[in-house]
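J.: Next one to model:
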Amino acid sequence: MTYVVTDNCIRCKFMDCVEVCPVDCFYEGENMLVINPSECIDCGVCEPECPAEAILPDTENGLEKWLELNTKYSAEWPNITVKGDAPADAEAMNGVENKLDQFFSTEPGKGD
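T.: Got it, this is the predicted structure:
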């Protein structure tokens, strides 16, 4: 098992999760974070820290595409270990449906 970042992180990117991760397995895209499943130790401390409830265990049904997305982009995006500022419209974007199709960016973030 591992944890994955899902749709609701897109354009929310609160980043509360990155500072509690004991193994620094978060990677930053332009408008979302992902978890490297090979580095994740399944401790679960990040899940309750996410205000957008976008972090889930990969054992939940229907998360295969999110496991693939997290795997792919954690290999391409820079590592992030320090909480940065959330986007100005993060609260407004929290809970918006179909964000992957509408807003996802493959561009990397700044990282640490």
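J.: Give the buried residues for the longest helix anywhere in the chain.
T.: Counting residues, the longest helix in the chain under DSSP state H turns out to be helix 64-74. Along helix 64-74, these residues count as buried under the neighbour rule (16 or more other CB atoms under 10 Å): W66, L67, L69, N70, T71, Y73, S74. Every C-beta, even on glycine, is put in place using the N, C-alpha and C of the backbone.
J.: hey, where'd the helices end up in the protein?
T.: Under DSSP H, the chain gives helices at 64-74, 90-93, 99-103.
J.: what separates A86 from N70, distance-wise?
T.: Per CB to CB, to the nearest Å, A86 is found 20 Å from N70.
J.: same deal with G29?
T.: Taking CB to CB, one finds G29 at 11 Å from N70.
J.: now swap in E19 and tell me
T.: Where N70 is concerned, E19 sits at a distance of 19 Å (CB to CB).
J.: Kindly report the same for E60.
T.: 14 Å.
J.: so what pLDDT did the residue nearest to L100 when sequence neighbours are not counted get?
T.: In this structure, L100 finds its nearest non-sequential neighbour in D7, 5.2 Å apart by CB to CB, 6 or more residues apart in numbering. Note on D7: pLDDT of 96.
J.: and D7, how many residues sit next to it?
T.: Neighbours of D7 under the rule other CB atoms under 10 Å: 20.
J.: who's in contact with it?
T.: A54, W66, N98, K99, L100 (CB atoms under 8 Å, 6 or more residues apart in numbering).
J.: The last one contacts I10, doesn't it?
T.: Right, the one you point to is L100. Yes. Contact criterion CB atoms under 8 Å: L100 and I10 qualify, at 6.5 Å.
J.: Comparing these two, which shows the higher neighbour count?
T.: Per other CB under 10 Å, whichever of L100 and I10 has more neighbours is I10, with 25 against 15.
J.: ok, the more buried one - contacts?
T.: Counted by CB under 8 Å, 6+ apart, I10 has contacts N31, M32, M93, K99, L100, F103, F104.
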